[in-house]
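J.: fold the following for me, if possible:
(chains A, B, C and D)
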Number of protein chains: 2
Amino acid sequence: MDDKKIRNMEEFAAVSGISRPTLSKFFNDPSSVRASTRQRIEAALDRYDYRPNLYAINQNRRLTKNIGIIVPYLADPFFAEIARNIEEHILSTGYRPVLLGSHGSPDQEIENLENLRLLKPAGVLLAPLGRASDQARIAAFCEEVPTVLFDANVGSAGLAFVGSNNDQSIDLIVDYLCRTGEPPAFFEMKEPSNPNAYKRRHAYLAAMERLNHTPHLIQAAGEGWEFEEIGFREGTRVVRDRNLPTDTILCSNDRLAIGFLSAAYEAGIRVGLGTDCTMRVAGHDDHPFSRYTCPTLTTVSQDYEAIARKSAETLMNLIEAEKPADSREETLFDGRLVMRGSA
Amino acid sequence: MDDKKIRNMEEFAAVSGISRPTLSKFFNDPSSVRASTRQRIEAALDRYDYRPNLYAINQNRRLTKNIGIIVPYLADPFFAEIARNIEEHILSTGYRPVLLGSHGSPDQEIENLENLRLLKPAGVLLAPLGRASDQARIAAFCEEVPTVLFDANVGSAGLAFVGSNNDQSIDLIVDYLCRTGEPPAFFEMKEPSNPNAYKRRHAYLAAMERLNHTPHLIQAAGEGWEFEEIGFREGTRVVRDRNLPTDTILCSNDRLAIGFLSAAYEAGIRVGLGTDCTMRVAGHDDHPFSRYTCPTLTTVSQDYEAIARKSAETLMNLIEAEKPADSREETLFDGRLVMRGSA
DNA sequence: CCTCAAACTTTACGCGCGTAAAAAATAAAT
DNA sequence: ATTTATTTTTTACGCGCGTAAAGTTTGAGG
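T.: Here you go, the predicted model:
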């Protein structure tokens, strides 16, 4: 490695013996130059460490190779995990992922979109906050930048949507719970931040009706994204009052369930399937921590990997197709029952 | 809001009646122009929505207003939370945070550094993987870019270090445990990824010696960042073998403790302080999930907010001082005992 | 060896903004 | 009103690269 410093492509052209326009082609797409030329460039490239100036590259491009990824809450391992998967897919296609978290705040979400706009991204993968989102501004953004929504819909904004089939997954777990014990009550937030929560509530109601059982909603007060806290607080109340018509609780998501299980434990209630247990609890999502709850949490998995892959692929296709997309594609993945100790 | 689209600063100069160089000054620092001028610009700014092209701005600057933030593992709520705090501090100083996670991989960590280098950041806040890190390349990077390390040190790379006082915090919890029951054994990974783990091990050994107790290390096999999994696996083994010289386990970090507690629960061991309990477990970090374990986890808190604030402030000072920094500052924050149910 | 398309080189311009220098305008102070 | 310091305008160049156009070289196929 020569340590002579290369300042720009011109200088690199000089030392490598390749003309600047050809180098430019190479850096945009190494396979666009003849194999022998490519080898010469790559040989020079590991003698002198030169990389084109990112800002100069992107200044002229109308679109960059950036792909924005926005999730509502990075401290939630669920989203962190999905984001990680998406990042990998993006990287494998030669694009550059730019990950932003909205910290549960609609303002931050809009701020993130504004910042992304400055990056002139080729496309954006957006998991919106949901009900709290500024729908109009998100829709406006989607008009400007090719955007695929995932996890949650915002009206019909975006070129496509990828998410979970809440009807199917809730059906699955309600069926299971009814088959193996008392029909479940549904534990959720009264005013959930996430639109999936509404879908799950309706799916629960429909499933219970289908099975000829009386549905029962337990709705926790509270706002924001501290779901465990809310689950714990309301769980404590529910357990104290003991006026449930059933011993089985289906939580709208695993994070609520984590809080609920903690509350039950603190109250001395044994949760699970054993003979000494007086309650069953199930969740939804197969959150990374759900296998370490006490007892381990029975839940319905969301197919992280599939959602991540499909979202990324859909966006890449839309970007590379370049045509205005004939229709808005919605893809829903089925959940899978994950049987553990809690129900 | 006029909807006439402004393409560049020239056009905005035309419609606002302000010359382009003055506008340029304004966008770099609004307080650098006369108040009356500033008002005229801001008035124009909300009639026409124009924002300078990010790439053109940064092309000429030797340094940008970007601040890189790298953490070893974004799916760990501990790091997600610290990163969030840092982001806020950065934003409040008018810089732009760029958050990257290394996914527990040394290659990804280097990749992140390389990518950051292209962004010509004014500075970088780096929480390195630790032992797995490529020390030489990190040191080289720190030579080029003003970098403050936090959470973990890598040799003496970087202009400053901000972290926790492991000696103090381990002392604190060992003292507490000894005072209230049997002296603890120390549960850790045999070959931990994190250098803090070594500090904690030594702090444990020293504390036990100081109190005239025989130390006892329980070292779990396993690599990577799936700490809960490792804690669960080894916890299951420990509980099964039942050849511990003590009923008290101090875990090197909360994530190990979360796995351990789960294992104890599965094995039917009651953990905590009650008369029916046969084991005590404590952790370290005050991980966001540690208040929802069963029982809730007694631990030592790391001062997230202080570490985040101090790291960000230190870096900003170094950037704005512009002088080559006379000495490498190390700041360690004390831990605070968080008494919950498990010990 | 010749032909010809593909790949490369040469030349030149433009992107949007930073920024320097000199001239002009403004505001503050005498 | 005049001087003076400050701010703004005018003018002009440069950053590093994308990219178009025209000319030249390369190498595969006949």
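J.: which of the three states applies to A:G222?
T.: coil (DSSP: H, G, I helix; E, B strand; the rest coil).
J.: which residues touch the nearest residue to it once chain neighbours are set aside?
T.: Closest residue to A:G222 apart from its sequence neighbours, by CB to CB, 6 or more residues apart in numbering or on different chains: A:I230 at 4.1 Å. Where C-beta positions appear, they are placed from N, C-alpha and C, glycine not excepted. For A:I230, the contact set (CB atoms under 8 Å, 6 or more residues apart in numbering or on different chains) comprises A:189, A:220-222, A:256, A:259.
J.: test my guess that A:L337 contacts A:I173.
T.: Yes. Between A:L337 and A:I173 there is a contact under CB atoms under 8 Å: 6.5 Å.
J.: between those two, which is the more surrounded one?
T.: A:I173 (25 against 15; other CB atoms under 10 Å in any protein chain shown).
J.: check that one and give its pLDDT.
T.: Per-residue confidence at A:I173 stands at 98 (pLDDT).
J.: A:M9 now?
T.: pLDDT, A:M9: 95.
J.: ok, A:A75 next?
T.: Model confidence at A:A75, expressed as pLDDT, equals 89.
J.: helix or strand right after the helix ranked longest in chain A?
T.: Criterion DSSP state H: the longest helix present in chain A is helix A:304-321. Following helix A:304-321 in sequence order, the next helix or strand is strand A:329-333 (DSSP states H and E).
J.: contacts for that following strand?
T.: Strand A:329-333 has contacts (CB under 8 Å, 6+ apart) with A:159-165, A:168, A:302-303, A:306-307, A:310, A:314.
J.: and the helix or strand hosting A:G68 with DNA strand D, contact?
T.: For A:G68, the host element (DSSP H and E) is strand A:66-71. No. Judged by CB under 7 Å from any atom of the strand, strand A:66-71 and DNA strand D are separated, with a smallest distance of 14.0 Å.
J.: which secondary structure elements does that strand sit against?
T.: Judged by 3 or more CB pairs under 8 Å, 6 or more residues apart in numbering or on different chains; DSSP states H and E, strand A:66-71 is in contact with helix A:77-92, strand A:96-101, helix A:106-118, strand A:123-126.
J.: so which of the ones you listed is the most packed in?
T.: strand A:123-126 (a mean of 28; mean count of other CB atoms under 10 Å in any protein chain shown).
J.: residue ranges with poor pLDDT in the stretch 201-343 of chain A?
T.: Low-confidence segments of the stretch 201-343 of chain A (pLDDT under 70): A:322-325.
J.: now do the strands for it: every range, in order, please.
T.: Ranges of strands within the stretch 201-343 of chain A are A:217-220, A:248-251, A:280-282, A:299-301, A:329-333, A:336-338, based on DSSP state E, counting those that start in this stretch.
J.: right, and chain B sits closest to which residue of the stretch 101-250 of chain A?
T.: Per CB to the nearest CB, A:L118 is where the stretch 101-250 of chain A lies closest to chain B, at 4.5 Å.
J.: OK, contacts around that residue?
T.: Per CB under 8 Å, 6+ apart, neighbours of A:L118: B:51, B:53-54.
J.: from these, pick the one nearest DNA strand D.
T.: B:N53 (10.9 Å; CB to the nearest atom of the strand).
J.: what about the closest one, neighbour count?
T.: Neighbour number of B:N53 under other CB under 10 Å is 17.
J.: go ahead and confirm it touches A:N60.
T.: No. The pair B:N53 / A:N60 is not scored as a contact, 10.6 Å apart, by CB under 8 Å.
J.: tell me the domain ranges of chain A?
T.: Annotated domains of chain A cover A:9-52, A:66-163+A:305-332, A:166-301 [automatic domain parsing].
J.: got the end-to-end distance for the last one?
T.: Put plainly, it is domain A:166-301. 11 Å (CA to CA, to the nearest Å).
J.: chain center to that domain, what's the gap?
T.: Its chain's average C-alpha position is 22 Å from that of domain A:166-301, according to CA atoms, centre = their mean, to the nearest Å.
J.: same check on the shortest one?
T.: Averaging C-alpha positions (CA atoms, centre = their mean) puts domain A:9-52 38 Å from its chain's average.
J.: endpoint to endpoint, that domain covers what distance?
T.: For domain A:9-52, the end-to-end distance is 7 Å (CA to CA).
J.: circling back to that earlier point, turn the domains of chain A into CSV, columns for distance to DNA strand C.
T.: Formatted as CSV, the domains of chain A follow (distance: least, CB to the nearest atom of the strand, whole Å):
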stretch, distance to DNA strand C
domain A:9-52, 3
domain A:66-163+A:305-332, 10
domain A:166-301, 36
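J.: fine by me, we can end here.
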